[in-house]
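Visitor: give me a 3D structure for the following:
(one chain, ligands or ions: 1)
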Amino acid sequence: MAVNAVRLPVTQLHGVISGNLSLTNRKPSSVVRFGCGSSQRCRSISVLSTQLEDDDFGRDDSVRSMEVKKILDESPLLPKPLSSNKLAQSVSNGSRVRVAYQGVPGAYSESAAEKAYPNCEAVPCEEFDTAFEAVERWLVDRAVLPIENSLGGSIHRNYDLLLRHNLHIVGEVKLAVRHCLLANHGVNIEDLRRVLSHPQALAQCENTLTKLGLVREAVDDTAGAAQQIAYEKLGDAAAVASAEAAKIYGLNIIAEDIQDDCDNVTRFLMLAREPIIPGTNRLFKTSIVFSLEEGPGVLFKALAVFALREINLTKIESRPLRKHPLRASGGLKYFDYLFYVDFEASMADEVAQNALRHLEEFATFLRVLGSYPVDTSML
Ligand SMILES: O=C(O)C(=O)C[C@]1(C(=O)O)C=C[C@@H](O)C=C1
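Guide: Purely as a prediction, here's the structure:
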C-alpha cells in the first residue's frame, strides 16, 4: 500500500492543563473542553461550523488558515493537545482520573480511555512520548497506548515505547473499531481523490480504499484527519475515522463500517507510574520482555518455562535490540532480539513467580511490564 506521509511542522505548542490556548498549524485544535459532556461538545462544534460556513473551497490557503487560527485563538472552548514544551507549565487538578492519549478528540484512543475509566478526563497529546511524559511528571494519572489490532497485527513502534519509558501496564481494553468515510457536506464519493487517516486505520480499510481508487495520506490520528478535512474545507479528500469524529468536526458520513472485516478490534494498554497489586480474584494477564543468549533451542527453553507449568501464552512479539542490533559469533553475525510475551497468570500466582525465576536463570535481561486484569468484555 502506498502511504504518503503528511507531516506539517509544529509552529507553536499548546497549554492544556494551564488553560492557555495557543495554536499549532499541524493540528488546528480540538473542539472539546476537558471534561465537558456531549451537549457542550455539540455547542462548541456549532460555534465553529457557523464561523467557518462562509468559507469556500477556492479560497487562498494562507488566508483560510489565518482565519481558522483567529477563530481558534478566540474560542474559550477549545483545548489543545499537550506537547512536551508545555508539560512543565501544567498542573494536575487531581479530581477525576486523567488519562493522556495521542491524538485529538474523536480518536479511538480517547474512546479506549473512556471505556477503561468511565467519566475520566481524557487529555489529548500530540505525541505518544508526551503522553508518557505527562504520566511520569504526575500531570495525568494514566496513558493509553494502542498495541495490537485484529486486522493489522502488532503496533511495533508502541512496543518499543514500553521499554523506553518506565511506566507499568495496569490494564487493557479491547475496543471494536468501526471506521467511517467522512467528508465535508456537499462532497460526494465521486469527488474524492485522496483519503487521510492514521496508517493503522488505512491498513484496516485496505480493500474498500483500493476499490474506491483513493490515494492514501498518513496523518497522526484518525480524528486529526477528520479535523483537517473540516478546517481546510477539503473537497477532494475524505477521512477514515469514527462516527464520533464526524459529529465533533461536523462532517458527513459517506460510508459506514468500511474496515476489511466486521470484527475489527484494537487492544489498548493502560499505563501508570506504579504497578497495581496483582490479585487472584479474577483473570489476570502478565506482560514481560526479555532477551536471550544466541544458541540452538534457547527460545524453546524460554517458552518451556511457561509450558511446563501449564501457563497459557496469549501473545509473543520480537523486536530488534536497538543498542546491540547485531551480535558476532563464530564469524557469523546474528540479529539480537527482545521478546515480548503476555501470559495468562497473575504475578500473585506462585506458578507465575516460579516461571519467571526459572526464566531469569538464563535470560540476559528480564523486565515485568505489568500484571493486570484481562478485558473480558469481548468474550
Ligand atoms: O488514530 C486513532 O484514532 C487512534 O486512536 C490510533 C489507532 C492505532 O494506533 O491503531 C487506534 C485504533 C485504530 O486501530 C486506529 C488507529
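Visitor: which elements pack onto the helix or strand where Ser291 lies?
Guide: Assigned by DSSP states H and E, Ser291 belongs to strand 284-292. Where contact means 3 or more Cβ pairs under 8 Å, 6 or more residues apart in numbering; DSSP states H and E, strand 284-292 is packed against helix 298-307, strand 337-343, helix 350-360, strand 363-373. Heads up, the C-betas are built off the backbone N, CA and C, glycines and all.
Visitor: report the buried residues of it.
Guide: Residues of strand 284-292 classed as buried: 284-292 (neighbour count, 16 or more other Cβ atoms under 10 Å).
Visitor: can you lay out these as JSON lines showing pLDDT and distance to Leu163?
Guide: Compiled in JSON lines, these are given as follows (pLDDT from 0 to 100; distance: Cβ to Cβ, whole Å):
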{"residue": "Phe284", "pLDDT": "96", "distance to Leu163": "22"}
{"residue": "Lys285", "pLDDT": "97", "distance to Leu163": "18"}
{"residue": "Thr286", "pLDDT": "98", "distance to Leu163": "16"}
{"residue": "Ser287", "pLDDT": "98", "distance to Leu163": "11"}
{"residue": "Ile288", "pLDDT": "98", "distance to Leu163": "11"}
{"residue": "Val289", "pLDDT": "97", "distance to Leu163": "6"}
{"residue": "Phe290", "pLDDT": "96", "distance to Leu163": "11"}
{"residue": "Ser291", "pLDDT": "94", "distance to Leu163": "11"}
{"residue": "Leu292", "pLDDT": "93", "distance to Leu163": "16"}
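Visitor: OK, contacts around the residue nearest to Asn149 when sequence neighbours are not counted?
Guide: Spatial nearest neighbour of Asn149, chain neighbours left out: Thr266 (4.6 Å); criterion: Cβ to Cβ, 6 or more residues apart in numbering. Applying Cβ atoms under 8 Å, 6 or more residues apart in numbering, we find Thr266 in contact with 108, 112, 146, 148-150, 174-175, 177, 200.
Visitor: again, only using 10 Å
Guide: 108-109, 111-112, 146-152, 155, 173-177, 200-201, 204 (Cβ atoms under 10 Å, 6 or more residues apart in numbering).
Visitor: for ChimeraX, write the selection for the buried entries among those residues.
Guide: Buried residues among these (16+ other Cβ under 10 Å), as a ChimeraX selection:
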select :108,109,111,112,146,147,148,149,150,151,152,155,173,174,175,176,177,200,201,204
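Visitor: low-confidence ranges in the stretch 51-200 of the chain?
Guide: Flagging of the stretch 51-200 of the chain using pLDDT under 70 yields the residue ranges 51-94.
Visitor: apply 80 and report the result again.
Guide: Scanning the stretch 51-200 of the chain for pLDDT under 80 picks out 51-95.
Visitor: can you give me the strands in the stretch 51-200 of the chain?
Guide: 98-102, 121-125, 142-149, 153-154, 168-176, 180-183, 194-197 (DSSP state E, counting those that start in this stretch).
Visitor: now for the first one, which elements pack on it?
Guide: Packing contacts for strand 98-102, counted by 3 or more Cβ pairs under 10 Å, 6 or more residues apart in numbering; DSSP states H and E, involve helix 108-116, strand 121-125, helix 128-136, strand 142-149, strand 265-272.
Visitor: just the second one next, same as before
Guide: Under the contact definition 3+ Cβ pairs under 10 Å, 6+ apart, strand 121-125 sits against strand 98-102, helix 108-116, helix 128-136, strand 142-149.
Visitor: out of the helices and strands packed on strand 284-292, which is the most enclosed?
Guide: Comparing those by mean neighbour count (mean count of other Cβ atoms under 10 Å), strand 337-343 ranks first with a mean of 20.
Visitor: elements contacting that strand?
Guide: Against strand 337-343 (3+ Cβ pairs under 10 Å, 6+ apart) you get strand 142-149, helix 156-164, strand 284-292, helix 298-307, strand 313-320, helix 350-360, strand 363-373.
Visitor: and if we set it to 7 Å?
Guide: Judged by 3 or more Cβ pairs under 7 Å, 6 or more residues apart in numbering; DSSP states H and E, strand 337-343 is in contact with strand 284-292, strand 313-320.
Visitor: hey, C-alpha coordinates of it in CSV?
Guide: Extracted C-alpha coordinates of strand 337-343, given in CSV (Å, rounded to 0.1, in the frame of the first residue of the first chain):
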residue,chain,number,x,y,z
TYR,A,337,16.1,-9.6,19.7
LEU,A,338,13.9,-8.6,22.6
PHE,A,339,10.9,-10.9,23.2
TYR,A,340,7.6,-9.6,24.5
VAL,A,341,5.4,-12.2,26.0
ASP,A,342,1.9,-12.0,27.5
PHE,A,343,0.8,-14.9,29.6
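Visitor: quick one: distance of it to the chain centre.
Guide: 20 Å (Cα atoms, centre = their mean, to the nearest Å).
Visitor: now stretch 337-345
Guide: With Cα atoms, centre = their mean, you get 21 Å for stretch 337-345.
Visitor: near the ligand, which of the contacts of Thr266 show up?
Guide: 108-109, 146, 149, 155, 177, 200-201 (Cβ under 6 Å from any ligand atom).
Visitor: between the strands of the stretch 51-200 of the chain, which one is nearest to Val298?
Guide: Among the strands of the stretch 51-200 of the chain, the nearest to Val298 by Cβ to Cβ is strand 153-154 (21.9 Å).
Visitor: now do the same contact list for Gln204.
Guide: 149, 151-152, 177, 179, 259-260, 264 (Cβ atoms under 7 Å, 6 or more residues apart in numbering).
Visitor: equivalent analysis for Arg157, please.
Guide: If you count contacts by Cβ under 7 Å, 6+ apart, Arg157 has none.
Visitor: and if you look at Ser377?
Guide: For Ser377, counting by Cβ under 7 Å, 6+ apart, the contacting residues are Lys174.
Visitor: that one should be in a strand, yeah?
Guide: No: using DSSP: H, G, I helix; E, B strand; the rest coil, the assignment for Ser377 is coil, not a strand.
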